[in-house]
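S.K.: my questions are about this predicted structure, shown below with the sequence.
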Amino acid sequence: MSLSSEEVERYARQIVLRGVGGPGQNRLKAARVLVIGAGGLGSPALQYLAGAGVGTIGVVDDDVVALSNLHRQILHGTDDVGRPKILSATDAIRRLNPHLAVEPINQRLDAANARALVRPFDVVLDGSDNFATRYALSDACYWERRPLVAAALGEFDGTLTVLKPYETGPDGKPNPTYRCLFPDPPEPGMVPTCAEAGVLGAIGGVLGSLMALEAIREIVGGFGDGDEGLVGRLLMIDLKAMRFETLRYGWDETNPLSGTGTAIPAPAA
């Protein structure tokens, strides 16, 4: 897949990077990336994926734009209030970069449709805001062997990791699953929603941009010497203290997905 002269000029500052180059840019153009949620995390992630030249971007969301979204969901504008987010997102992405294809998917991802939704894509980003979706998506990506970039937002904090549990790590053990990191979802009501606790809009920009970076890293095959992504590592960000920490975590052999624990059957293909 070759780049047009206009694309070469558009991506020139990225192509000159030794960790990307022409081959990496062509991989980005050929890539298909799925983003779950066009909200606080998905908005910046989608913009940077489009800017980077990802050839096909799928967007899964079944919500409409609300006025209370706009302080953090910067893909949408005031005139979009009341519109389906996938339509607003599609318009914004195409304005940013006409050289890519957008596949809007007006559905809510769940355990029944997750595998079918992720299968046509190369990399998946989880910008959802609820635990049911996170577990269904991470399980589906395990069964479909798709790398998953997963982030979550708090009031002034957030986390980010990359999951490739269908592969083994340098130690010969399987890479950890989402269920190795978070074995069980919290009880309903234990974690306040965004509407209940609030969230600083700019932190979505920080985490969403980093999600796009990790997806780009995966697509181009790493950025060269010293490259280390977030497989088996959890990035924790505290913006009140302006503290960034990384915690390593490993495969739990008792996890119910890829371990010896109570087996979770493969969801419908």
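M.R.: Ah, there it is.
S.K.: which residues in the stretch 51-200 of the chain form helices?
M.R.: Taking DSSP state H, counting those that start in this stretch as the criterion, the stretch 51-200 of the chain carries its helices at 85-96, 114-118, 131-144, 178-181, 194-197.
S.K.: right, so of these, which gets closest to residue 49?
M.R.: helix 85-96 (8.5 Å; Cβ to Cβ). To be clear about C-beta, it is placed using only N, CA and C from the backbone, and glycine gets the same treatment.
S.K.: just the mean pLDDT for the closest one, thanks.
M.R.: In this model, helix 85-96 carries a mean pLDDT of 97.
S.K.: number of residues surrounding residue 62?
M.R.: Per other Cβ atoms under 10 Å, the neighbour tally for residue 62 reads 13.
S.K.: which residues of this protein score low on pLDDT?
M.R.: Applying pLDDT under 70 to the chain flags residues 1, 189-196, 262, 268.
S.K.: what are the boundaries of the strands in it?
M.R.: 32-36, 56-60, 101-105, 123-126, 148-153, 157-163, 233-238, 243-248 (DSSP state E).
S.K.: which strands and helices sit next to the longest one?
M.R.: What that stands for is strand 157-163. Applying 3 or more Cβ pairs under 8 Å, 6 or more residues apart in numbering; DSSP states H and E, one finds that strand 157-163 makes contact with helix 131-144, strand 148-153, helix 201-220, strand 233-238.
S.K.: now do that strand and strand 243-248, the angle between them.
M.R.: Going by axes from the mean of the first three to the mean of the last three Cα atoms, to 10 degrees, strand 157-163 is angled at 30 degrees with respect to strand 243-248.
S.K.: what's strand 157-163 in contact with?
M.R.: Under the contact criterion Cβ atoms under 8 Å, 6 or more residues apart in numbering, strand 157-163 has outside partners 138, 141-142, 147-152, 175-178, 181, 203, 206-207, 210-211, 214, 218, 229-231, 233-240.
S.K.: that older thread, quick one, which of the strands of the chain gets closest to residue 6.
M.R.: Across the strands of the chain, closest to residue 6 is strand 101-105 (Cβ to Cβ), at 16.3 Å.
S.K.: circling back to that earlier point, reformat the strands of the chain as TSV; add distance to residue 111 and mean neighbour count.
M.R.: Listed next are those as TSV, based on distance: least, Cβ to Cβ, whole Å; neighbours: other Cβ atoms under 10 Å:
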stretch	distance to residue 111	mean neighbour count
strand 32-36	14	26
strand 56-60	14	23
strand 101-105	16	16
strand 123-126	14	27
strand 148-153	15	26
strand 157-163	17	22
strand 233-238	24	17
strand 243-248	28	10
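S.K.: if anything else comes up later, I'll come back, but that's it for now.
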